[in-house]
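Novice: any chance you can model this:
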Amino acid sequence: MKAILRIAHDWGYPPTVPKFRKVREPEEIGRIITPEHFQLIYGACEAAEKPTGLPCEPEDWWQALLVFALTTGWRISEILAFRREDLDLKTGAIVTRAADNKGRRDDVDHLTPIASEHVKRVIGFGPLVFTWPHDRRTLDIEFHRIQKSAVDDDGNELVRLPCPDADKHECTDACHYYGFHSIRRGYATLNADSMPAPVLQRKMRHKSFTTTLRYIGLADKMKAATEAVHVPEFLQKRAAN
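Specialist: Down below sits the predicted model:
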């Protein structure tokens with residue numbers, strides 16, 4: 001609204017631009033996936049049924065997607081738009097294009113060895129690294145179904161989450177499971193104490209440094225990362241074997 005009024009003022013319509021008082025809103029970050037829940041979801045990928053029609057198993061596709069997301073911090077839209085030509089399997093270099101990210105700039109990053117290992121299992125001959133031959137909504141449904149399949153020996157769900165707004169609305173299934181952005185938040189929080197703040201801001205493509213600082217403030221609540229990019233311990237053990 002302020003931008004519209006400024007332009008209108010430039011065009012000579014209102015003589016002045018009225019001042020607006022900012023309404024302070026709660027500074028909530030949202031759900032952050034925990035390493036424990038990530039491990040459970042990773043293991044539950046064996047229950048995946050989609051994507052279909054690809055030269056890889058759904059389990060491998062989902063595990064690669066989740067590890068890629070947790071070790072890069074990319075938004076799900078960027079991951080689904082990630083092109084084969086922007087991946088260098090020899091060096092691990094990856095590029096997110098300005099047209100596909102909210103930062104509106106090309107950015108170069110590098111995969112961890114663990115992420116590279118997972119991506120190699122699903123890479124095909126198509127133009128995209130993570131081909132999803134179904135509609136976008138089906139991706140969320142399948143992700144929730146995978147989480148729901150993580151159960152103990154008695155059939156109790158291990159990843160079902162309490163809804164923070166249960167007293168404000170009628171809950172749906174989506175209220176009780178992680179969304180993809182929770183993994184991005186996990187990346188920021190898990191790596192906030194092991195990366196210089198400007199580097200983390202660049203990797204996250206935050207326009208405002210204030211947004212990055214909110215994650216840095218949460219870093220003391222999470223386990224310190226020992227590498228430049230956090231890789232869950234169970235994946236490190238798997239690579240060692």
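Novice: ok, now which ones touch Ile76?
Specialist: Ala69, Leu139, Phe180, His181 (CB atoms under 8 Å, 6 or more residues apart in numbering). All C-beta atoms are positioned from the backbone trio N, CA, C, and that covers glycine.
Novice: residue ranges of the helices in this protein, please?
Specialist: For the chain, helices defined by DSSP state H occupy the ranges 2-10, 35-44, 58-72, 76-81, 113-122, 136-148, 180-191, 197-204, 209-218, 233-240.
Novice: highest neighbour count among the contacts of Ile76?
Specialist: Ala69 (25 neighbours; other CB atoms under 10 Å).
Novice: find the nearest non-adjacent residue to that residue, please.
Specialist: Closest residue to Ala69 apart from its sequence neighbours, by CB to CB, 6 or more residues apart in numbering: Ile183 at 4.5 Å.
Novice: wait, Gln63 touches His118, no?
Specialist: Yes. The pair Gln63 and His118 passes the contact test of CB atoms under 8 Å, sitting 6.0 Å apart.
Novice: for the residue lying closest to Asp86 once chain neighbours are set aside, give its distance to Asp106.
Specialist: Nearest non-adjacent residue to Asp86, counting by CB to CB, 6+ apart: Val95, 4.0 Å away. Using CB to CB, to the nearest Å, Val95 is found at 6 Å from Asp106.
Novice: over to Phe209?
Specialist: For Phe209, the distance to Asp106 - CB to CB - is 21 Å.
Novice: tell me the pLDDT at the residue nearest to the spatial centre of the chain?
Specialist: By CA atoms, centre = their mean, the chain has its centre lying nearest to Arg184, at 3.1 Å. Here, the pLDDT recorded for Arg184 equals 93.
Novice: again, but for Pro51
Specialist: 98.
Novice: contact partners for it?
Specialist: Contact analysis of Pro51 by CB under 8 Å, 6+ apart lists Pro58, Trp61, Thr131, Trp132, Pro133, His134.
Novice: send me the least confident helix or strand in the chain by mean pLDDT as CSV with only the CA atoms.
Specialist: Least confident element among the helices and strands of the chain, by mean pLDDT, DSSP states H and E: helix 209-218 (a mean of 72). C-alpha atoms of helix 209-218 as CSV (Å, rounded to 0.1, in the frame of the first residue of the first chain):
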residue,chain,number,x,y,z
PHE,A,209,19.6,-9.7,7.6
THR,A,210,17.1,-9.4,10.4
THR,A,211,15.5,-12.7,9.2
THR,A,212,18.8,-14.4,9.4
LEU,A,213,19.5,-13.1,12.9
ARG,A,214,16.3,-14.7,14.2
TYR,A,215,17.7,-18.1,13.3
ILE,A,216,21.1,-17.3,14.9
GLY,A,217,19.3,-16.4,18.1
LEU,A,218,17.8,-20.0,18.1
